[in-house]
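*Asks:* predicted model follows, preceded by the sequence.
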4 protein chains.
Amino acid sequence: MFFTIEPDNGLAIYDQIVRQVKFAVASGALAPGQLVPSLRELAGQLALNPNTVARAYRDLQAEGILDMVRGTGLEVSSKAPKACRLEREKLIRERLRSVLGEARQSQLAEDDLRTMFSEELTALAAASPSKSKNR
Amino acid sequence: MFFTIEPDNGLAIYDQIVRQVKFAVASGALAPGQLVPSLRELAGQLALNPNTVARAYRDLQAEGILDMVRGTGLEVSSKAPKACRLEREKLIRERLRSVLGEARQSQLAEDDLRTMFSEELTALAAASPSKSKNR
Amino acid sequence: MFFTIEPDNGLAIYDQIVRQVKFAVASGALAPGQLVPSLRELAGQLALNPNTVARAYRDLQAEGILDMVRGTGLEVSSKAPKACRLEREKLIRERLRSVLGEARQSQLAEDDLRTMFSEELTALAAASPSKSKNR
Amino acid sequence: MFFTIEPDNGLAIYDQIVRQVKFAVASGALAPGQLVPSLRELAGQLALNPNTVARAYRDLQAEGILDMVRGTGLEVSSKAPKACRLEREKLIRERLRSVLGEARQSQLAEDDLRTMFSEELTALAAASPSKSKNR
DNA sequence: GTGGTCTAGACCACC
DNA sequence: GTGGTCTAGACCACG
């Protein structure tokens, strides 16, 4: 699959999986009815403890993003895309607001912050020319 | 003092103290040679256990931000301002990079991200008119 | 494990643990990649509070001697042996220098000091025939 | 006076004073009946809190090394020289034994330890050519 | 199971 | 008064 896990980015691993599944659904990469990778498969790919993946899938089931299909696996629910599109912006905006809040509280000048933002954005685009026009 | 603790913002309390002390030094609010509040004093103000404050101050000593003056307290070291200014940028840039990385990976359009950034920035400025030119 | 704690030898208990871990790594008794005893295990063996062991392990992490493996424990880092060998010499040399400095300042004759050194060394060797060639 | 205080050599400041007074008596630099510097004088010279010096003098009185002479100060007792000569060796030997014990326990080779001892001894002699034959 | 955090409270050394 | 250490025990997140 197309997930990438970074330990030590502050987020728990299971939470990174949860977020990325939601993002994949939001972007259409995972469509309703489609099966997500099995526990063992994903755990193997990401070199994680299956329990960790299980924890993520459990949370996703609890939120109604994934539905259990007995004997088959977990599939993306029909209501997932709408929910995930809303969720995506919320999740990212939350983290962004948190960073900005800390920056302001630290008396960092707004201009420095804008500069930092631009720098990181271009650095990111350079590192992985993912999604301007082509992809 | 002028510290504010938010339990459950994801960061450990002692780490919030560490960051805020660094930020205060970076902004000049705490000058070298100045004593930080005593363990018991700060613990009292923030309604924390003295051990929690001690943990934060111990970390700051280990980083060379604070120097112990026996029987007197902990004072801001002479090398602290430079170190803290660098640290402040590093801490914020790290978190910013992490958010941006997640946003990109989530296929969020760059323009949406820029918009989000601007919105949050102005929202923040409105909420607390901290530091334009006039204040 | 093979640690021994002496309360009231002037060193804090957590510091004794730190030193002994470093010494164990320096001597090869603890190899990189190997897990140190868990907090609770070591605390049980030494009849200490787990927090005390945690403090020691935390310091060792901060110095890069131990790496955390989430959900598994703490392992000796790959860079630890070199660092610990240097550290061992430094720690002992520091204490030695301090004693010698005091001796000299006390006007103790250098020859008396040499005699004292030899006496203690042989007394020590007699007490625990640790490491000549044969053992 | 001829005392030197090193904070952070592991010994409490008051203890360093106690030891150095004893050493001065042992070497004859302070003779029975002679007055030691007043609290304020010594505290001023060493840039210490007078309470710290008071603590040291109090301990020395308790051991019978110093006698209070009302309205005059503290003088070296008649029994001090003999006691201090015995004490000097004991104090230094204790610390030396402690270092050696740690070195052995750390698996440091005996030869390395001997080398270290010689190095530090010559370094010390070079730093302050105090007391071979001439002084 | 692992380590991490926090609280509570006691005791100590030092200034 | 200051910080430092240690104990005890609870709770949490993670794997």
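*Replies:* Happy to help now that I have it. This one's a predicted model, so the numbers in the text were calculated from it and none came from an experiment. Numbering: from 1, shown residues only, chains lettered A, B, ... in the order given.
*Asks:* in chain A, where is pLDDT below threshold?
*Replies:* Applying pLDDT under 70 to chain A flags the ranges A:1, A:128-135.
*Asks:* what does it put close to chain C?
*Replies:* When proximity is defined as Cβ under 8 Å from any Cβ of the partner chain, chain A approaches chain C at A:7, A:13, A:49. Glycine gets a C-beta too; all of them are placed from N, C-alpha and C.
*Asks:* contacting residues for the last one?
*Replies:* Yep, that's A:N49 we're talking about. By Cβ atoms under 8 Å, 6 or more residues apart in numbering or on different chains, the contact list for A:N49 reads A:43, C:71.
*Asks:* try A:A43
*Replies:* Neighbour list for A:A43: A:49-50, A:52-53 [criterion: Cβ under 8 Å, 6+ apart].
*Asks:* so which of these sit within strands?
*Replies:* Within these, no residue falls in strands by DSSP state E.
*Asks:* out of those, grab the one that's most surrounded.
*Replies:* Using other Cβ atoms under 10 Å in any protein chain shown as the neighbour criterion, A:V53 leads these with 24 neighbours.
*Asks:* from memory that residue sits against A:I17, does it?
*Replies:* Yes - the pair formed by A:V53 and A:I17 meets the contact definition of Cβ atoms under 8 Å, at 6.4 Å.
*Asks:* quick one: common contacting residues for those two?
*Replies:* Here A:V53 and A:I17 have A:42, A:46 as joint contacts, going by Cβ under 8 Å, 6+ apart.
*Asks:* any bit of the helix ranked longest in chain A sitting next to DNA strand F?
*Replies:* Taking DSSP state H as the criterion, chain A has its longest helix at helix A:80-105. No - for helix A:80-105, no contact with DNA strand F is found by Cβ under 7 Å from any atom of the strand; the gap never falls below 14.4 Å.
*Asks:* ok, the helix or strand just after that helix near chain B or not?
*Replies:* Using DSSP states H and E, the next helix or strand after helix A:80-105 towards the C-terminus is helix A:110-127. Yes - with Cβ under 8 Å from any Cβ as the criterion, chain B is reached by helix A:110-127 at A:110, A:112-114, A:116-117, A:120-121, A:123-125.
*Asks:* just those now: which is nearest D:I65?
*Replies:* A:D112 (62.3 Å; Cβ to Cβ).
*Asks:* neighbours of that closest one, just the number please.
*Replies:* A:D112: 13 surrounding residues under other Cβ under 10 Å.
*Asks:* likewise A:A109?
*Replies:* 12.
*Asks:* got the residues of chain A near DNA strand F?
*Replies:* Residues of chain A lying close to DNA strand F by Cβ under 7 Å from any atom of the strand are A:7, A:11-15, A:48-49, A:51-52, A:55.
*Asks:* ok, of those residues, which come out buried?
*Replies:* Buried members of those, counted by 16 or more other Cβ atoms under 10 Å in any protein chain shown: A:11, A:13-14, A:48, A:52, A:55.
*Asks:* which of those fall within helices?
*Replies:* A:13-14, A:52, A:55.
*Asks:* can you name the residue of chain A nearest DNA strand F?
*Replies:* Closest residue of chain A to DNA strand F, Cβ to the nearest atom of the strand: A:A12 (2.2 Å).
*Asks:* wait, is A:M68 part of a helix?
*Replies:* No - A:M68 sits outside any helix when classified using DSSP: H, G, I helix; E, B strand; the rest coil, being strand.
*Asks:* who does it form a beta bridge with?
*Replies:* Under DSSP bridges, the beta-bridge partners of A:M68 are A:L74.
*Asks:* shouldn't it be in contact with A:V76?
*Replies:* No - the criterion here is Cβ under 8 Å, and A:M68 misses it with A:V76 at 11.9 Å.
*Asks:* tell me which of these two has more neighbours.
*Replies:* Shown here are A:M68 and A:V76; by other Cβ under 10 Å, A:V76 has more neighbours (22 against 11).
*Asks:* now do the contacts for the more buried one.
*Replies:* Counting by Cβ under 8 Å, 6+ apart, A:V76 touches A:25, A:30-34, A:36, A:65-67.
*Asks:* repeat that with 6 Å
*Replies:* Neighbouring residues of A:V76 by Cβ atoms under 6 Å, 6 or more residues apart in numbering or on different chains: A:25, A:30, A:32, A:34.
*Asks:* quick one: A:A127 from B:D59, how far?
*Replies:* Per Cβ to Cβ, to the nearest Å, A:A127 is found 32 Å from B:D59.
*Asks:* if we can go back for a sec, buried residues in the longest helix of chain A, which are they?
*Replies:* Buried residues in helix A:80-105, counted by 16+ other Cβ under 10 Å: A:80-81, A:83-85, A:87-88, A:91-93, A:95-105.
*Asks:* near DNA strand E, which of those show up?
*Replies:* Among these, no residue is within reach of DNA strand E (Cβ under 7 Å from any atom of the strand).
*Asks:* where does the closest residue to A:K79 other than its chain neighbours fall, helix, sheet strand or coil?
*Replies:* Once flanking residues are discounted, A:K79 sits nearest to A:G64: 6.2 Å by Cβ to Cβ, 6 or more residues apart in numbering or on different chains. Under three-state DSSP, A:G64 falls in the coil class.
*Asks:* stretch A:11-23 near DNA strand E anywhere?
*Replies:* No - using Cβ under 7 Å from any atom of the strand, we find that stretch A:11-23 stays clear of DNA strand E, coming within 11.1 Å at best.
*Asks:* who touches that stretch?
*Replies:* With Cβ under 6 Å, 6+ apart, stretch A:11-23 has contacts from A:3, A:5, A:52, A:55-56, A:59-60, A:84, A:87-88, B:106.
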